[in-house]
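Visitor: For reference, the sequence and a predicted model appear below.
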Protein chains: 2
Amino acid sequence: MSREKIPSESAISGSTPASPPRERILAAARALFYARGIRAVGVDEIAAAAQTNKMTLYRHFESKDLLVAKYLRGLAQEADSVWSELARSHPGDALAQLHGWVERIGSHMADCGNRGCALANAAVEIPEKGHPARAVIEAHKTHQREHIATLCREAGYRDPERLADEIFLLLEGARVNMQSVGPGGPGTRVGEMLCALLHTSPRAAVAQSA
Amino acid sequence: MSREKIPSESAISGSTPASPPRERILAAARALFYARGIRAVGVDEIAAAAQTNKMTLYRHFESKDLLVAKYLRGLAQEADSVWSELARSHPGDALAQLHGWVERIGSHMADCGNRGCALANAAVEIPEKGHPARAVIEAHKTHQREHIATLCREAGYRDPERLADEIFLLLEGARVNMQSVGPGGPGTRVGEMLCALLHTSPRAAVAQSA
DNA sequence: CGAGTGTGTTACCGGTCAGTAACATCAGTT
DNA sequence: AACTGATGTTACTGACCGGTAACACACTCG
């Protein structure tokens, strides 16, 4: 239609119509799945939002279920990259990494569209045990909790496993409860709660400080 | 078909085929919505599971959305009845009510089908602001947290609001995380965590003990 | 130029969805 | 027996779903 010619693919406004269709499809799926739910969004709508069509979508993703898995895996990888970014800015300082992470959560809690964790939401929407998304969800959630536990251990907390459980479950609860009661609920206060938890939990000895 | 005559409506096995169809429909909706998700279950399947048909369903509920709201309201009322039952068995003793509630949670956490809180799940599945279910969800979640806060206040905890937030969010997180990682995750430990929270949180003075 | 590749377009498939119309059946009441 | 109300049965609508076939177009590389 009005897609005549674009000599150089610089930054285009909106849904980046100059990037390859595969990336546009993933970006559209991401926005739509997160905002409205996985089961509520059809492949036709995703293709249209990506400014392409269903055929091209199915040339890049063999089924909707695998597109969902790809969508979730991308989010899981980005969440992991936050951890490695924090490890780079606070090398060897697990406590600072935890504090940085908690700060980031507190600021991202109110503005992120208030639809909670996309992985946890997908687990609610997809109870089928054999769905390809479930392996991604379970692996990410387990890995997330274990990374928190590792940092708590390195930060010298006594009973780091229990502290990791508390941090992890408080965050999970905040993100899911935001969807029930909106920003007026206790979820918006989770940043301060986690910060207080890090400050008041007993620590035996600091492992090492570089 | 094989439904010849049942003189007295005593207890029938399975889905209680002798109760009025409205109750059977609600019971079937409850089981199916909870186990497989609201969007994943159609009205035909609910009617069949209730041993009736779609027409009878629509004579009792004017739409699926309102059936969903009824289903959630029923669960919310049962959750409230747990509170009043605890108030009856521990009159005037808010701390005992909290402990009883936490115990109940700890025991119900592992066996309840592991699909978490139906209200919270519905909030994830139904982001539409105008859906009749959303009012039920928001009201129940708000009321639940406020009841916990009231009991914490009556039990003499200092900073009862913060303790209520912690209890509430830990529970929400445990129930949603159970669906991501199953019974092997930290959600199964939430009973002990809440019990420890009640024991270690500072209390200023006991308000009254009858 | 021709071949190959990626993309757009249209139409279609079988299935399911929520919701309704029309009619048959059964039970209880008077 | 006649009426009444709740229920069962079948068939249907219009819309949407995930997924595919067939063909046309554009672009790049040789």
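Guide: Structure's in. What do you need?
Visitor: What is the helix or strand bottoming out on mean pLDDT in chain A packed up against?
Guide: Across the helices and strands of chain A, mean confidence by mean pLDDT, DSSP states H and E is lowest for helix A:94-111: a mean of 92. Packing partners of helix A:94-111 (3 or more CB pairs under 8 Å, 6 or more residues apart in numbering or on different chains; DSSP states H and E): helix A:64-89, helix A:132-154, helix A:160-181, helix A:190-200. In this view, the C-beta of every residue, glycine as well, is placed from N, C-alpha and C.
Visitor: highest average neighbour count across those helices?
Guide: Mean neighbour count (mean count of other CB atoms under 10 Å in any protein chain shown) peaks for helix A:160-181 among these, with a mean of 25.
Visitor: So what's the gap between that one and the chain middle?
Guide: Distance, stretch centre to chain centre, for helix A:160-181: 14 Å (CA atoms, centre = their mean, to the nearest Å).
Visitor: That helix vs chain B: in contact?
Guide: Yes - contact of helix A:160-181 with chain B is found when judged by CB under 8 Å from any CB of the partner chain, involving A:162, A:164-166, A:168-174, A:176-177, A:179-181.
Visitor: so which of those comes closest to A:Glu23?
Guide: A:Gln179 (27.9 Å; CB to CB).
Visitor: Please work out how many residues are found near the closest residue to the closest one other than its chain neighbours.
Guide: Nearest non-adjacent residue to A:Gln179, counting by CB to CB, 6 or more residues apart in numbering or on different chains: B:Ala123, 4.5 Å away. The number of residues packed around B:Ala123, counting by other CB atoms under 10 Å in any protein chain shown, is 29.
Visitor: Over to A:Tyr58?
Guide: A:Tyr58: 14 neighbours (other CB under 10 Å).
Visitor: which residues does A:Ile197 contact?
Guide: No, residue A:197 isn't Ile; it's Leu. Contact analysis of A:Leu197 by CB atoms under 8 Å, 6 or more residues apart in numbering or on different chains lists A:163, A:166-167, A:170.
Visitor: if I look at it, how far off is A:Ile148?
Guide: Applying CB to CB, to the nearest Å, the value for A:Leu197 to A:Ile148 is 11 Å.
Visitor: Also A:Leu57?
Guide: A:Leu57 is 36 Å from A:Ile148, by CB to CB.
Visitor: before we move on, what about A:Pro186?
Guide: A:Pro186 is 20 Å from A:Ile148, by CB to CB.
Visitor: Near DNA strand C, which residues of chain A are found?
Guide: Chain A comes close to DNA strand C at residues A:1, A:20-22, A:51-56, A:59-60, as judged by CB under 7 Å from any atom of the strand.
Visitor: Now, those that are in strands?
Guide: Assignment to strands by DSSP state E places none of these there.
Visitor: Narrow those residues to those in helices?
Guide: A:21-22, A:54-56, A:59-60 (DSSP state H).
Visitor: which one of the residues you listed has the most neighbours?
Guide: In those, the most neighbours by other CB under 10 Å go to A:Pro21, 18 neighbours.
Visitor: I'd assumed A:Ala29 was in contact with A:Gly74.
Guide: No - counting by CB atoms under 8 Å, A:Gly74 sits too far from A:Ala29 to count as a contact (9.4 Å).
Visitor: residue ranges with poor pLDDT in chain A?
Guide: For chain A, the stretches flagged by pLDDT under 70 are A:1-17, A:112, A:205-210.
Visitor: residues near the residue in chain A that DNA strand D sits nearest to, how many?
Guide: Proximity of chain A to DNA strand D (CB to the nearest atom of the strand) peaks at A:Gly42, 2.8 Å away. Using other CB under 10 Å, the number of residues around A:Gly42 comes to 12.
Visitor: How much space separates A:Glu192 from chain B?
Guide: 9 Å (CB to the nearest CB, to the nearest Å).
Visitor: Ok, A:Gly42 next?
Guide: Taken as CB to the nearest CB, the span from A:Gly42 to chain B is 12 Å.
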